[in-house]
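S.K.: Have a look; sequence and predicted model below, questions after that.
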Amino acid sequence: MRRDKRLVRTVRVKIGRTDLVRLSDARSEAKRLMATIQSGVDPTAGPASTGITLEQTLVEHLKERSLSAATVRGYQYHMDHYLKGLRKRAVADISRQDCRDLLDTLTRLHGKTTGGSVMRTVRALVNTARRHDETITANPVDAIRVPATPKRQVGELDVAAFWAVTEAM
């Protein structure tokens, strides 16, 4: 796609499966799509976002619940650092593939713990958005397996030694 004689982005469109679409129909559709792209219209762009955004949902989520200060800071940190690409999008427009891509990226760059934690935040926010916007039919995070936070390995406490040190103080 070009705008002002400058390449803006590459657009890929799937026309259909080869066993379901005839070659002549696929060529006709490809010509139509190329004409659309040449005119500057992105055929993959969905409609303008509608409904409550992820950022607005966070505000509503925090209003509805009495959460600890640490939890609020954690949600805000996730929004500011990991959900920049989704924060202005309508929750209804967030797809399962968006969630899969986000989890893959977070896991690759920051590890399973961060990826799982951010996805649990997104799940909670989408559930809140569903209560406010009836057009949201399902939670896209439910379609992916969110990694569990690994259990900490803590050594056994020597109670006798602990009390001996405590009494010595």
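M.R.: Cool, got the structure.

S.K.: any idea which helix is longest in this structure?
M.R.: Determined from DSSP state H, the single longest helix within the chain is helix 112-132.

S.K.: Check what contacts it and list those residues.
M.R.: Applying CB atoms under 8 Å, 6 or more residues apart in numbering, the contact partners of helix 112-132 are 51-52, 54, 57-58, 60-61, 64, 74-75, 78-79, 82-83, 86, 91-92, 94, 99, 102-103, 106-107, 136, 139-142, 144, 146-150. In this view, the C-beta of every residue, glycine as well, is placed from N, C-alpha and C.

S.K.: try 7 Å
M.R.: With CB atoms under 7 Å, 6 or more residues apart in numbering as the test, helix 112-132 has contacts from 52, 54, 57-58, 60-61, 64, 75, 78, 82-83, 91, 99, 103, 106-107, 136, 139-141, 146-150.

S.K.: For ChimeraX, write the select line for the buried members of those residues.
M.R.: For the buried members of the contacts of helix 112-132, the matching ChimeraX selection, counting by 16 or more other CB atoms under 10 Å, is:
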select :52,54,57,58,61,75,78,82,83,91,99,103,106,107,136,139,140,141,146,147
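
S.K.: Could you give me the buried positions within the longest helix of the chain?
M.R.: Buried residues in helix 112-132, counted by 16+ other CB under 10 Å: 114-130.

S.K.: Can you name the element that comes right after it?
M.R.: Under the assignment DSSP states H and E, the closest C-terminal helix or strand after helix 112-132 is helix 159-168.

S.K.: mean confidence for that following helix?
M.R.: The average pLDDT within helix 159-168 is 81.

S.K.: Any chance you could spot the residue sitting in the middle of this structure?
M.R.: The centre of the chain sits closest to Cys99, judged by CA atoms, centre = their mean, with a distance of 4.0 Å.
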